[in-house]
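Student: sequence first, predicted coordinates after that:
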Amino acid sequence: MNKFYVTTPIYYINDKPHIGHAYTTIAADVLARYHRQKGDKVRFLTGTDENSRKTVEAAKEAGKEIKQYTDEMAKQWQETWDALGLTYDRFIRTTEPDHVKAVQDIIQRIYDAGDIYKGVYEGLYCFRCEQFYKEDELVEGKCPIHKVKLEHIKEDNYFFKLSKYGDELLKRIKDDPDVIRPQARHNEVVAFIERGLEDISVSRASQEWGIRLPFDQSQVIYVWFDALINYVTGSGYPDKDYTEWWPADLHLVGKDIIKFHCIIWPAMLLSAGIEPAKSVFANGFFTVDGEKISKSSGNAIDPIAIRDEYGNDALRYYLLSEIPYGNDGDFSHERLAIRYDTNLANNLGNLVQRISTLIERNLDGEIDQVKSRVKLDQIEKAIHDVAFHTALSAIWAELSKLNEEIEQQKPWELAKNDSEKLKVFLSQQAADILEINRELKPFLPETAEKIQAIFSAEKIESPGHTLFPRKDLAK
Ligand code: MSP
């Protein structure tokens, strides 16, 4: 039996989840469901990154104790994923005791390997990114991502010998094209490493909130060092059977955080004597109606609001079919409504409605068991390539074939003059719908369950209502 261990980034809790966070987490859910359906042993990990200074500031802003704030926010994130029907196996919080233990254990291993030393760090730090920047990386003197002024920090820190691992990282990346995907991100990381890696500061002297260094209690571990280790904690580390899950098969991340996942993280593991994850796949960024999603512009779309209006499956379908996973894209209500009406309500919903109604009315709900003609062998490769849109197009091409066949064969006319032929036709359509539905299930789990119930019933009945009530496109 194959195992499949998939992770999402653990999210900062200074705000509630928006559509961008839902995007990566839904993608992981599709993969987890696909592998479970295939019979693989699956672990799907997501959670919250709580030891950041942002947490402290957000708690202060909310007028709450840090502990109370983190508990409330983690609950809100978890409840959002539950409302979206996401089937994570563990929701990890970096304030949990087993994570603290794993972090201290790993950092001690890195220290024992001689890869951590003390020094003075002086530089410009962005607290939103939780990272240092060099002068030449700034845009108009500000953080290139958040466009805020950076803080000048000078303090005694511990450093990690990242510079030592450049060659080994390059070799891993170049030997196996799956290590970093898609290709653009692979190239970006290779170019970055080839310019030469510098050691990085991995502790903070002037911070209270966070996990302490085991060999110097006066310092707090750099939040990214702590956060990345969540993936190993989630496999059960340091219990010796953590290798039942580790190395992770796939880290899904956004393209904003690939250097952490493709450079710092594998180097930490190599230093600690642990095998790095097999693959990192970075998704692109969603803008909203052309604008970057940000707290300040107030354009963050709440995935729950979309669910309330269109349903979970429509949200999944839209996010994963609209743009090739890995590319940037734009979230537009109009496009969502169009895709909903055309592809879900028409191509899929109507098909199910028409065929089940014809069977109920003309065949008294009974069909012959026949073999499906559908072959969707390409889905396995699409899933391996994390090419959701390819898988969905292949599925929709099959649905189109069935719809076209209905137009050609005109079963409503067969119903009047050739009931034998009608039964053959409808039995075949029903078998094909069921086969397509099996491949559809990881993507549209709620809908697929309804379709399965309809067509595998002893007596097929029309659901009596459409699976996707049409929306008013003019809205
Ligand atoms: N806490 C760190 C991750 C630590 S992982 C060890 C972090 N958190 S975050 O809350 O900022 O979430 C970042 C991730 O959310 C991105 O990498 C991406 O997966 C997802 N997205 C956030 N905004 C997004 C878009 N606008 N579009 C697509 N994905 C986005 O960084």
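Tutor: That came through, no problem.
Student: how close does residue 236 get to residue 65?
Tutor: Distance of residue 236 to residue 65, computed by C-beta to C-beta, to the nearest Å: 31 Å. All C-beta spots, glycine's among them, are computed from the backbone N, C-alpha and C.
Student: who's more crowded, these two?
Tutor: residue 236 (18 against 10; other C-beta atoms under 10 Å).
Student: skip the chain neighbours and tell me the closest residue to the more buried one.
Tutor: Nearest non-adjacent residue to residue 236, counting by C-beta to C-beta, 6 or more residues apart in numbering: residue 242, 4.1 Å away.
Student: quick one, what contacts the one you found?
Tutor: Neighbour list for residue 242: 232, 235-236 [criterion: C-beta atoms under 8 Å, 6 or more residues apart in numbering].
Student: let's have those residues in JSON lines, adding secondary structure.
Tutor: JSON lines is the format used below for the contacts of residue 242 (DSSP: H, G, I helix; E, B strand; the rest coil):
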{"residue": "232", "secondary structure": "helix"}
{"residue": "235", "secondary structure": "coil"}
{"residue": "236", "secondary structure": "coil"}
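Student: so which of those is the closest to the ligand?
Tutor: residue 232 (10.8 Å; C-beta to the nearest ligand atom).
Student: got a list of what that closest one touches?
Tutor: Going by C-beta under 8 Å, 6+ apart, residue 232 touches 102, 106, 242, 246, 269, 274.
Student: ok, now residue 382?
Tutor: For residue 382, the contacting residues are 388, 390-391, 394, by C-beta under 8 Å, 6+ apart.
Student: and it, what element?
Tutor: Using DSSP states H and E, the element containing residue 382 is helix 378-384.
Student: what residues of that helix count as buried?
Tutor: Neighbour counts over helix 378-384 (16 or more other C-beta atoms under 10 Å) mark 379, 382-383 as buried.
Student: on that earlier part again, turn the contacts of residue 242 into TSV, columns for pLDDT and distance to residue 445.
Tutor: Converted to TSV, those look like this (pLDDT from 0 to 100; distance: C-beta to C-beta, whole Å):
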residue	pLDDT	distance to residue 445
232	98	29
235	98	25
236	97	27
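Student: using the three-state scheme, assign residue 117.
Tutor: Once three-state DSSP is applied, residue 117 turns out strand.
Student: how much space is there between the closest residue to residue 354 other than its chain neighbours and the ligand?
Tutor: Nearest non-adjacent residue to residue 354, counting by C-beta to C-beta, 6+ apart: residue 406, 6.6 Å away. Relative to the ligand, residue 406 is positioned 38 Å away (C-beta to the nearest ligand atom, to the nearest Å).
Student: what about residue 406, how many neighbours?
Tutor: 19.
Student: ok, residues contacting the host helix or strand of it?
Tutor: With elements taken from DSSP H and E, the one containing residue 406 is helix 388-409. By C-beta under 8 Å, 6+ apart, the surrounding residues in contact with helix 388-409 are 27, 30, 317, 320-325, 343, 347-348, 350-351, 354-355, 374, 376, 378-379, 382-383, 425, 429, 432-433, 436, 439-440, 443.
Student: buried ones among those residues?
Tutor: 27, 30, 317, 320-325, 343, 347-348, 350-351, 354-355, 374, 376, 379, 382-383, 425, 429, 432-433, 436, 439-440, 443.
Student: alright, I will stop here.
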